[in-house]
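1. Just to be clear, the model below is a prediction. Sequence and coordinates:
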Amino acid sequence: MHVDEHLEELERLADTAGAQVIGRAIQRIEAPTSNFYLGQGKVEELKDTLAAAGATLMLFDENLTPVQGSQLEQHIGVRVMDRTEVILDIFATRARSSEAKLQVELAQLEYLLPRLTRMWTHLSRIRGGIGLRGPGETQLETDRRRIRTKISVVKKRLKDVAEHRANQRQGRRDLPTAALVGYTNAGKSSLLKALSGHDVFIEDRLFATVDTLAREVDVGEGYRYRLTDTVGFIRKLPHHLVASFRATLEEAEDADLLLHVIDASHPGWEDQLDVVETETTSVSPKRVIHVFNKADLLPDRDAFLAFVRERYPHAVLTSTVREGGVEDLRRALRTSAQALRPIAEIRVPVTDGKLLATLHRDAEILHQEQTNGVVTLRARIEARLLGRLRQEGVEVVLG
């Protein structure tokens, strides 16, 4: 991404957070300074510019150290927020489920811990050696202990939630699953709504939704999918959030298929695609369908599709505003479902209760009849379970 695109993205983040942007500034430096990040002259210039404009907030696209943030606030006299703080603020306002709220709380606490000193600068004149600590430092240590304790509590609660989710996933293997991943605002929620017909919160803003959402989708010919919408990725996503949002990646790791949604109309779509692929390396190798969304905004759909299919042979174009704009994706999902869950006829002795119970739990039974002590099941069954049955000598016929 070019520096102007970076700042445009920061503006969109600011808008999502509820701030009105009145100006932008760029400085090219060899290396960040330890006290202000920027050079002294630039800081003086910004101080005058902010005062003249009556601005009350300054946003940095780069992440600031606790010292840099503190020094800038003292020197310029306005609230200073870096990119991480803005994203954390957005996540805090957008989280709906108790799990998402816990994840955001953990990220905020971990971000706050090394920056507590900034809140106690008014007591910085009180200094003392061992046994002679000033009240500010004593309070600071108390606060640090409280935050560390709170972090431990939140982590424990999140672990419990993750285990509960894993148990839930184990109990719903009857349908093939697909996880929607992609850069924020690529249109994942719009696609989920278009495919499922369910009402899903959609807004043309970054991080419109930060909650994991699952919907059942009919992809035709009797095949259905469970589609999971995951939180969007963004360039320089705070590592606190990457760690906190493990549950989103767990959904992707557990899915049969990844749908990588890309905003085809965005000039920097290749950079955005690379960001998502970097963040989701843990969930590969896995079948991935690259879904180039917002195709209605492309000047030449056919040329674009030919170009991307050189790199991604299974790529599809989608549009959630055009009639039939998701049919190619529905078709691709149907093809995948047929490969993942072929229909088979399985013959099991009526005395093998354990195997019958396994099939009823892990396969979708379409028809069942019993003759001469043999149960014949017609079922849509996972390819991996089918392979296991054949190894165990169970009679299986496809089709």
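-> Nice, I can see it. Numbering: from 1, shown residues only.

2. give me every residue that touches D218.
-> Residues in contact with D218 (Cβ atoms under 8 Å, 6 or more residues apart in numbering) are R224. C-beta: built from backbone N, CA, C; applies to glycine.

3. Likewise for A194?
-> Going by Cβ under 8 Å, 6+ apart, A194 touches 318, 320, 325-326.

4. R144: which of the residues you listed is nearest?
-> T320 (47.3 Å; Cβ to Cβ).

5. count of neighbours near V321?
-> As a burial measure, V321 scores 12 neighbours (other Cβ atoms under 10 Å).

6. Distance of it relative to S265?
-> Applying Cβ to Cβ, to the nearest Å, one obtains 12 Å for the distance of V321 from S265.

7. where does the stretch 101-250 of the chain have low pLDDT?
-> Flagging of the stretch 101-250 of the chain using pLDDT under 70 yields the residue ranges 117-140, 166, 168-174, 198-206, 208-212, 239-240, 243-249.

8. same thing but at 50, please
-> Scanning the stretch 101-250 of the chain for pLDDT under 50 picks out the ranges 119-136.

9. Residue ranges of each domain in this protein, please.
-> Partitioning the chain according to automatic domain parsing yields domains covering residues 3-90, 95-168, 174-339, 341-398.

10. highest average neighbour count across these?
-> Comparing those by mean neighbour count (mean count of other Cβ atoms under 10 Å), domain 174-339 comes out on top with a mean of 19.

11. Need the three-state assignment for the residue sitting nearest the centre point of the chain.
-> Against the mean C-alpha coordinate of the chain, by Cα atoms, centre = their mean, the closest residue is V231 at 2.8 Å. Recorded secondary structure, V231: coil (DSSP: H, G, I helix; E, B strand; the rest coil).

12. returning to that earlier point: which among the contacts of A194 gets closest to I147?
-> T320 (42.3 Å).

13. so the closest one sits right up against L191, yeah?
-> Yes. Because the distance of 6.1 Å satisfies Cβ atoms under 8 Å, T320 is recorded as touching L191.

14. Quick check: neighbours shared by these two?
-> Common contact partners of T320 and L191 (Cβ under 8 Å, 6+ apart): 293, 326.

15. one step back: can I get the contacts of A194 in CSV with pLDDT, distance to G41 and secondary structure?
-> Formatted as CSV, the entries for the contacts of A194 read as follows, by pLDDT from 0 to 100; distance: Cβ to Cβ, whole Å; DSSP: H, G, I helix; E, B strand; the rest coil:
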residue, pLDDT, distance to G41, secondary structure
T318, 96, 49, coil
T320, 92, 48, coil
G325, 92, 52, coil
V326, 93, 53, coil
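
16. coming back round to it: pretty sure the residue nearest to the centre of the chain is touching S189, no?
-> No. Here V231 lies out of contact with S189, judged by Cβ under 8 Å, at a distance of 10.7 Å.

17. pull the CA atoms of stretch 64-73 into PDB?
-> Backbone C-alpha positions of stretch 64-73 (Å, rounded to 0.1, in the frame of the first residue of the first chain) are rendered in PDB as follows:
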ATOM      1  CA  LEU A  64       3.700   4.600  19.500                       C
ATOM      2  CA  THR A  65       5.700   3.400  22.600                       C
ATOM      3  CA  PRO A  66       4.300   4.500  26.000                       C
ATOM      4  CA  VAL A  67       7.000   7.100  26.200                       C
ATOM      5  CA  GLN A  68       6.400   8.600  22.800                       C
ATOM      6  CA  GLY A  69       2.600   8.800  23.500                       C
ATOM      7  CA  SER A  70       3.200  10.500  26.900                       C
ATOM      8  CA  GLN A  71       5.700  13.000  25.600                       C
ATOM      9  CA  LEU A  72       3.600  14.000  22.600                       C
ATOM     10  CA  GLU A  73       0.500  14.500  24.700                       C
END
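
18. Need the contact partners of it.
-> Residues outside stretch 64-73 that contact it (Cβ under 8 Å, 6+ apart) are 32, 34-37, 43, 58, 79-80, 82, 114-115, 117-118, 121.

19. please redo it, this time with the cut-off set to 10 Å
-> Applying Cβ atoms under 10 Å, 6 or more residues apart in numbering, the external contacts of stretch 64-73 come out as 32-38, 43, 46-47, 58, 60, 62-63, 78-85, 111-119, 121, 124.
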